[in-house]
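Novice: Next comes the sequence, and after it the predicted model I'd like to discuss.
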Amino acid sequence: MKVIMLAAGIGQRLHGEDNDYLPKALLGFGGKTLLARHMEILHGYGIGEMVLVVGHRKDTLLAETAAVIKTLGIPENFIRPIFNPRYKESALISLGTADAVMRSGEDVIFMDADVLYHPELMRRLIHSAHRNCFTMDREFEFGDEPVKICLRGGEIIDFGKQVTDDYEVIGEWPGFLKMSPEIAVKVADSVQSHIDNDDEFVTYEEAMRDVLVSEAAGTFGFEDITGIPWTEIDFPDDVVHAGEVVMPSMEQFDPDVS
């Protein structure tokens, strides 16, 4: 199983346009960067390769991966960087840069790099019985910003920031998706189609949704990770929330009683 992690962006919503701040993956919490946490968790759960899509300040990111590899004794080939020269344009293009990985014939986990989470979240996704699996948190603040997952009759019927109101259960997506080889190819096709059509404002979530709504019911499952501490970091307030709320919650969380 491979991981594709997007870490190419400049963090515009956090730092503003044309900034030279560190990538969000290098934000530190509890003495570790997000990137170091990802590497430790993924390697610990048996992931064979982490494909890191880089762009903004790529040398700084790769210096961190080298330091983590040395500190934790992770094999050097665990990280495979792919450079997106159009990293300022969109995350959709970053995912398109990893097209060959999506078509590798292996199971793939897609991940954003700007998420702080307890390892239990990733354990449930990796070991889920669903070959194509979203993660979903039912406890969230509804609004335009969260990416949502909608269920009806226990099946996923919609996905995205703007979704149908014909649902029975709704939750927030933390930004992680496990895909079988067949579905990964279909998502790659959708991504490339949008890129070829110059749909510059389309998000990668929309490309994923294209496949979700075109497949038979039951193709995609989900793991309910409600109660597991996590947060995505997009805005300055998110950094504060991560340090003051999520980190203490992670330290106190007991997977055996969740």
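Specialist: Thanks, I have it.
Novice: C-alpha only now, for contacts and for neighbours.
Specialist: Fine.
Novice: Spatially, which residue comes closest to P85, not counting chain neighbours?
Specialist: Closest residue in space to P85, ignoring its immediate chain neighbours: G55 at 6.4 Å, by Cα to Cα, 6 or more residues apart in numbering.
Novice: M111 versus that neighbour, what's the distance?
Specialist: 16 Å (Cα to Cα, to the nearest Å).
Novice: Compare the two and say which is more crowded by neighbours.
Specialist: A count of neighbours by other Cα atoms under 10 Å puts G55 above the other of G55 and M111, at 23 against 19.
Novice: thought the more buried one was touching F83?
Specialist: Yes. Using Cα atoms under 8 Å, G55 is in contact with F83, at 5.7 Å.
Novice: shared neighbours of these two, anything?
Specialist: The contact sets of G55 and F83 overlap at A8 (Cα atoms under 8 Å, 6 or more residues apart in numbering).
Novice: So which bits of the helix or strand of the chain with the lowest mean pLDDT are buried?
Specialist: Lowest on mean pLDDT, DSSP states H and E among the helices and strands of the chain sits helix 12-15, with a mean of 79. In terms of neighbour count (16 or more other Cα atoms under 10 Å), helix 12-15 has its buried residues at L14, H15.
Novice: Mind giving me the packing neighbours of that helix?
Specialist: Here helix 12-15 touches no other helix or strand, going by 3 or more Cα pairs under 8 Å, 6 or more residues apart in numbering; DSSP states H and E.
Novice: Run through the bridge partners of the closest residue to G221 other than its chain neighbours.
Specialist: Closest residue to G221 apart from its sequence neighbours, by Cα to Cα, 6+ apart: C133 at 4.8 Å. C133 has the following beta-bridge partners by DSSP bridges: K178, G221.
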